[in-house]
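Student: Show me how the following folds:
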Amino acid sequence: MHGLTQTSPDRAALAAQIKAWGKELGFSAVGIAGVDLGDAEQALEAWLAAGFHGEMDYMARHGSKRARPAELVPGTVSVVSVRLDYWPEAGRAKDAEAQLGDPEGAYVSRYAMGRDYHKVLRGRLQRLAERIEAQIGPFGHRVFVDSAPVLEVELATKAGLGWRGKHTLLLDRQGGSLFFLGEIFVDIALPEDAPVAPHCGRCTACLEVCPTQAIVAPYKVDARRCISYLTIELKGAIPEELRPLLGNRIYGCDDCQLVCPWNRFAKLSREAEFEVRNGLDAAGLVELFAWSADEFDTRMAGSAIFRIGFERWSRNIAVALGNAPPSTAVLAALRARSEDPSPLVREHVAWALARHQSKSHGELNV
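Tutor: Numbering: from 1, shown residues only. Below you'll find the predicted structure:
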């Protein structure tokens, strides 16, 4: 067990050391929160009761533990919260907007163009935990990276790493929102950092730009309409009424972040792990739809995209091809997979072809 007592004056020094180690490991910010998340539990219950979580059953499965760190990991008394910038050099906002504006191009959320962030961030957090252990001896801890029932934005807000924006993402005046969050739950009582004041003011740019109007009110997102949910979390068919609104977005969506004024101050990532792979910052829809399942598995190994699998990847691209301008290449790509082995893909291809047929007859009014 670690040698620090509950009243040890070394705790402030240890907290400062943890932050310094975190910076050395590449984190853009490190803060410390307590385990009392105030009214977060009530807000979570209301969100779940409204059904806004869609098919994400895991959001409800853990009940109150999501808002009670000390119940989720018994013995937890403090949480070390970190940020890690992800926006790649090749994915600057102006480049992202150009790709988003190209209806024949495929738009992939910029966080997913490199190595799977779960692996990168988890490894970095584990190294930070090992440094703490080397300093104080064995201590109780658990690392989290967007893969367990943790209210990470709430914890980061309590740790002073930013404020919750109206799009529900964490925002910082010097870093915007283009970063990942991660946590280490620890059994050491460390000095808590003070929250920062929110700075969204009257701005509603994120609500107005959302293609599917998923941000139903400030600080409230209906995941069932969110393009990130539809292209990543949803396992079945994408609702037909929402398909035209997806445009060329085939994995995730950055619109609410691209329009946010605070992201003018976001930092480009210095992590080689997040550099663009497979030309995903400028890939064409027809090109990606021609991949085989084996090619998808090979190219996307080690990527966050790998988790959705070839079937959903193909489903998403079929929708985007249905939204693309009709061309010989687009129609040929769709027809080539009209008898796809997957019923899910076949249905979305059929929808896309029917959509183009309607366009050709001037019947489309979407």
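Student: What is the three-state secondary structure of residue 142?
Tutor: Using DSSP: H, G, I helix; E, B strand; the rest coil, the structure places residue 142 in strand.
Student: Tell me which residues touch it, please.
Tutor: Listed by CB atoms under 8 Å, 6 or more residues apart in numbering, the contact set of residue 142 reads 73, 76, 184-185. Glycine gets a C-beta too; all of them are placed from N, C-alpha and C.
Student: out of these, who's nearest residue 287?
Tutor: residue 184 (40.8 Å; CB to CB).
Student: show me what contacts the spatially closest residue to that closest one that is not a sequence neighbour?
Tutor: Among residues not flanking residue 184 along the chain, residue 80 sits closest, at 4.3 Å (CB to CB, 6 or more residues apart in numbering). The contact partners of residue 80, by CB under 8 Å, 6+ apart, come to 18, 22, 30-32, 128, 159, 183-184, 186, 190.
Student: picking that back up, so which of the contacts of residue 142 is the closest to residue 84?
Tutor: residue 184 (13.3 Å).
Student: Just read off the phi/psi values of the closest one.
Tutor: phi -120, psi 120 (degrees, to the nearest 10).
Student: Can you give me the neighbour number for it?
Tutor: 23 (other CB atoms under 10 Å).
Student: partner residues bridging residue 31?
Tutor: residue 81 (DSSP bridges).
Student: Is there a neighbour count for it? I'd like the number.
Tutor: Residues near residue 31, counting by other CB under 10 Å, number 26.
Student: measure it to residue 16 for me?
Tutor: Applying CB to CB, to the nearest Å, the value for residue 31 to residue 16 is 12 Å.
Student: ok so, going back, keep only those of the contacts of residue 142 that are in strands.
Tutor: 184-185 (DSSP state E).
Student: okay if I get the contacts of residue 142 as TSV plus pLDDT?
Tutor: What follows is those, written out as TSV (pLDDT from 0 to 100):
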residue	pLDDT
73	91
76	96
184	98
185	97
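Student: What subset of the contacts of residue 142 is buried?
Tutor: Listed as buried from these are 73, 76, 184-185; burial here means 16 or more other CB atoms under 10 Å.
Student: Out of the contacts of residue 80, flag the one nearest to residue 246.
Tutor: residue 183 (31.6 Å).
Student: my guess is that closest one meets residue 78, correct?
Tutor: No: the criterion here is CB atoms under 8 Å, and residue 183 misses it with residue 78 at 10.4 Å.
Student: name the helices or strands packed onto whichever strand or helix holds residue 332?
Tutor: According to DSSP states H and E, residue 332 maps onto helix 328-336. If contacts are counted by 3 or more CB pairs under 8 Å, 6 or more residues apart in numbering; DSSP states H and E, helix 328-336 sits against helix 285-289, helix 309-323, helix 343-360.
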